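S.K.: The following block contains a protein sequence and its predicted model.
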Amino acid sequence: MNTYLIKNATLVNEGQQKTADVLIKNGLIAKIGQNLSAPEAQEINAEGLYLLPGMIDDQVHFREPGLTHKADIFTESMAAVAGGITSFMEMPNTVPNTLTQELLADKYAIAAQSSLANYSFYMGASNDNIEEVLKTDPKQVCGIKVFMGSSTGNMLVDNEQTLENIFSKAPILVATHCEDEQTIRENMASFKAQYGDEITIDMHPLIRSAEACYKSSSLALELAKRYQTRLHILHISTAREVALFDASTPLKDKKITAEACVHHLWFNDQDYASKGNFIKWNPAVKTVADQAGILQGLLDNHIDVIATDHAPHTLDEKNQPYLQAPSGGPLVQHALPALLEMHLQGKISLEKIVEKTAHNLAICFDIEKRGYIREGYWADLVLVDLNDPFKVTPLNVFYKCGWSPFDGETFRASITHTFVSGNLAYYKGKFTTSETGKRLSFTR
């Protein structure tokens with residue numbers, strides 16, 4: 001493994017900025033200081049660049065196994081490191097659904113061979129696999145995923161007894177997708193009665209409504225409080241939900257945490273007119289007021305982390321009429337550039353971005369030796385240039401699906417280097433594919 005010396009970078013870490021050198025050796029941050037020298041090291045002049053801890057994405061769908069016409073672990077981890085994401089946690093709604101320990105182990109084996117980023121995989125819960133769920137190793141697996149709303153295959157958990165079983169017995173963090181299925185079905189029936197098959201994308205946030213989200217999130221919180229479950233609610237999409245979460249308790253002491261996704265921070269329902277199905281997500285992108293409420297919830301610590309919910313589909317799939325087009329879109333390559341653009345717009349500080357994309361993930365999931373720029377920690381690091389604009393086009397996306405919801409957008413900041421466990425995985429459009437990322441471990 002190569003030794004690197006990053007010189008004169010502006011480190012953004014633990015709530016402050018400072019200029020320093022960073023020595024990377026044997027995959028770890030060996031030394032942080034001024035005027036460091038290391039004759040054996042490959043030197044990188046980082047003057048004028050910002051050094052951040054790599055983004056840790058706690059919610060991606062990389063589609064392998066079973067849906068590899070849309071994406072696979074190699075292609076999407078490549079896009080992730082190009083976007084400054086050094087670690088990901090991948091969801092269980094692949095084909096087959098990850099509902100046994102054996103299927104979970106299969107995904108880890110694939111990643112060990114092909115992932116350019118560090119990785120972990122959620123164990124999936126269904127209405128009938130509680131015994132498998134309870135075998136999950138808290139030190140080796142990021143969490144258990146529960147779909148309390150529409151999902152792929154057998155993964156909708158809508159049985160009250162099953163939910164109580166999971167929440168009362170889970171040995172590990174429970175991450176939930178919260179949309180009330182009954183509310184959505186009733187809304188869909190109402191819209192179909194009125195419009196038949198002519199339902200359009202602008203109706204999506206009315207069908208998958210704010211009420212459906214709030215009702216389901218409230219149930220998850222109620223169960224977690226009853227059983228003292230470690231609960232993490234994914235992709236908060238409404239301003240009303242933000243108020244459900246505690247902003248005053250230090251994160252390390254919270255039993256219930258929440259996530260915001262980049263698309264709910266960037267887009268709102270006015271964008272359906274131009275973006276159509278390319279911003280069709282579940283939960284839906286909602287109003288300008290919801291968008292503002294989510295950002296405020298992040299800034300005041302009601303919401304703890306930022307993720308992508310990267311979930312690619314092919315162009316052909318997305319170009320179908322609203323009712324047939326699947327929900328989800330690719331985001332890992334452009335999440336950090338979008339957040340840096342929000343910083344340049346004056347909406348969020350660099351320190352807050354680092355807190356919500358790296359530090360807080362390490363705290364939330366008890367990740368071992370990652371998420372900070374600290375001596376002795378793994379060198380998961382990203383150098384960014386805040387004055388190097390690029391325009392998103394189909395020619396410069398690395399996603400297997402070949403498109404981005406940010407198509408045509410110009411971002412003012414670029415990722416120049418991404419280090420994954422000390423390996424220079426990405427540098428200005430080029431990748432090092434000879435080294436793979438490492439499996440995340442957890443100090444639980």
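M.R.: It's in.
S.K.: how deep is the residue lying closest to residue 59 once chain neighbours are set aside tucked in, by neighbour count?
M.R.: Among residues not flanking residue 59 along the chain, residue 307 sits closest, at 4.3 Å (C-beta to C-beta, 6 or more residues apart in numbering). Glycine gets a C-beta too; all of them are placed from N, C-alpha and C. As a burial measure, residue 307 scores 26 neighbours (other C-beta atoms under 10 Å).
S.K.: next one: residue 366
M.R.: 17.
S.K.: ditto for residue 224
M.R.: Neighbours of residue 224 (other C-beta under 10 Å): 20.
S.K.: Going by secondary structure, it is in what exactly?
M.R.: helix 210-227 (DSSP states H and E).
S.K.: can you check residue 89 too?
M.R.: Going by DSSP H and E, residue 89 is part of strand 85-90.
S.K.: From the rest of the structure, what touches that strand?
M.R.: 54-62, 73, 77, 80, 107, 117-122, 142-143, 308, 332, 335-336, 361, 365, 367, 370, 380-382, 418-421, 425, 437, 440 (C-beta atoms under 8 Å, 6 or more residues apart in numbering).
S.K.: distance of the residue nearest to residue 59 from residue 367?
M.R.: 14 Å (C-beta to C-beta, to the nearest Å).
S.K.: List the buried residues for the helix or strand of the chain with the lowest mean pLDDT?
M.R.: Least confident helix or strand, the chain: helix 160-169 with a mean of 93, by mean pLDDT, DSSP states H and E. Neighbour-count burial for helix 160-169 flags 162-163, 165-167 (criterion: 16 or more other C-beta atoms under 10 Å).
S.K.: JSON lines for those, including distance to residue 216?
M.R.: Output for the buried residues of helix 160-169, formatted as JSON lines (distance: C-beta to C-beta, whole Å):
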{"residue": "162", "distance to residue 216": "15"}
{"residue": "163", "distance to residue 216": "11"}
{"residue": "165", "distance to residue 216": "18"}
{"residue": "166", "distance to residue 216": "15"}
{"residue": "167", "distance to residue 216": "14"}
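S.K.: of these, closest to residue 183?
M.R.: residue 163 (16.4 Å; C-beta to C-beta).
S.K.: who touches that closest one in this structure?
M.R.: 146, 148, 157, 219, 223.
S.K.: quick check, nearest of these to residue 374?
M.R.: Among the contacts of residue 163, and counting by C-beta to C-beta, the member closest to residue 374 is residue 146, at 33.0 Å.
S.K.: Give me the contacts around the helix or strand the closest one falls within.
M.R.: With secondary structure defined by DSSP H and E, residue 146 is part of strand 144-148. Contact partners of strand 144-148, identified using C-beta under 8 Å, 6+ apart, comprise 91-93, 122-125, 133, 136, 155-158, 163, 166, 170, 172-181, 216, 219-220.
S.K.: Distance from it to the middle of the chain?
M.R.: The chain centroid and the centroid of strand 144-148 are separated by 15 Å under C-alpha atoms, centre = their mean, to the nearest Å.
S.K.: Grab the CA positions of it and hand them over as PDB.
M.R.: Output in PDB follows, covering the C-alpha atoms of strand 144-148 (Å, rounded to 0.1, in the frame of the first residue of the first chain):
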ATOM      1  CA  ILE A 144     -31.700  -4.300  10.200                       C
ATOM      2  CA  LYS A 145     -33.900  -2.700   7.500                       C
ATOM      3  CA  VAL A 146     -37.700  -2.700   8.000                       C
ATOM      4  CA  PHE A 147     -40.000  -1.400   5.200                       C
ATOM      5  CA  MET A 148     -43.100  -0.100   6.900                       C
END
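S.K.: neighbours around the closest residue to residue 13 other than its chain neighbours, how many?
M.R.: Closest residue to residue 13 apart from its sequence neighbours, by C-beta to C-beta, 6+ apart: residue 373 at 4.2 Å. Counted with other C-beta under 10 Å, the neighbours of residue 373 add up to 23.
S.K.: hang on, residue 373 in a strand?
M.R.: No. Counting by DSSP: H, G, I helix; E, B strand; the rest coil, residue 373 falls outside a strand, being coil.
S.K.: and stretch 46-66, which residues are buried?
M.R.: So for stretch 46-66, counting by 16+ other C-beta under 10 Å, buried means 46, 49-64.
S.K.: Sorry, wrong one. I was asking about stretch 308-327.
M.R.: Buried positions in stretch 308-327, judged by neighbour count with 16+ other C-beta under 10 Å: 308-313, 317-318, 322, 325-327.
S.K.: Which of the residues you listed fall in helices?
M.R.: Using DSSP state H, the subset of the buried residues of stretch 308-327 located in helices is 317-318.
S.K.: Now do the end-to-end distance for stretch 306-320.
M.R.: 30 Å (C-alpha to C-alpha, to the nearest Å).
S.K.: Can you give me the distance of residue 18 to residue 384?
M.R.: Distance from residue 18 to residue 384, by C-beta to C-beta: 16 Å.
S.K.: what about residue 156, how many residues close to it?
M.R.: Residues within reach of residue 156, counting by other C-beta under 10 Å, total 17.
S.K.: what pairs with it across the strands?
M.R.: Residue 156 has the following beta-bridge partners by DSSP bridges: residue 147.
S.K.: what about the chain, any weak spots by pLDDT?
M.R.: The chain contains residues with pLDDT under 70 at 150-153.
S.K.: Okay, strands next: where are they in the stretch 251-400 of the chain?
M.R.: Ranges of strands in the stretch 251-400 of the chain, per DSSP state E, counting those that start in this stretch, are 256-261, 305-307, 381-385, 390-391.
S.K.: So which of these is the most surrounded?
M.R.: Most buried of the strands of the stretch 251-400 of the chain, by mean neighbour count (mean count of other C-beta atoms under 10 Å): strand 305-307, with a mean of 27.
S.K.: which residues are in contact with that strand?
M.R.: By C-beta under 8 Å, 6+ apart, strand 305-307 touches 57-60, 234-235, 257-262, 265, 298, 335, 339, 353, 356-357, 360-361, 364.
S.K.: Please compute how far that strand lies from its chain's middle.
M.R.: The answer for strand 305-307 is 6 Å, by C-alpha atoms, centre = their mean.
S.K.: Direction included, what does that strand pair up with?
M.R.: With DSSP bridges as the test, strand 305-307 is paired with strand 256-261 (parallel).
S.K.: Report all helices and strands that the helix or strand following the helix holding residue 224 contacts.
M.R.: As assigned by DSSP H and E, the chain's next helix or strand after helix 210-227 is strand 231-233. The helices and strands touching strand 231-233, judged by 3 or more C-beta pairs under 8 Å, 6 or more residues apart in numbering; DSSP states H and E, are strand 174-178, helix 210-227, strand 256-261.
S.K.: quick one, which of those is nearest to residue 410?
M.R.: Across these, closest to residue 410 is strand 256-261 (C-beta to C-beta), at 21.7 Å.
S.K.: so that closest one versus strand 174-178, what angle?
M.R.: Relative orientation of strand 256-261 and strand 174-178, computed by axes from the mean of the first three to the mean of the last three C-alpha atoms, to 10 degrees: 50 degrees.
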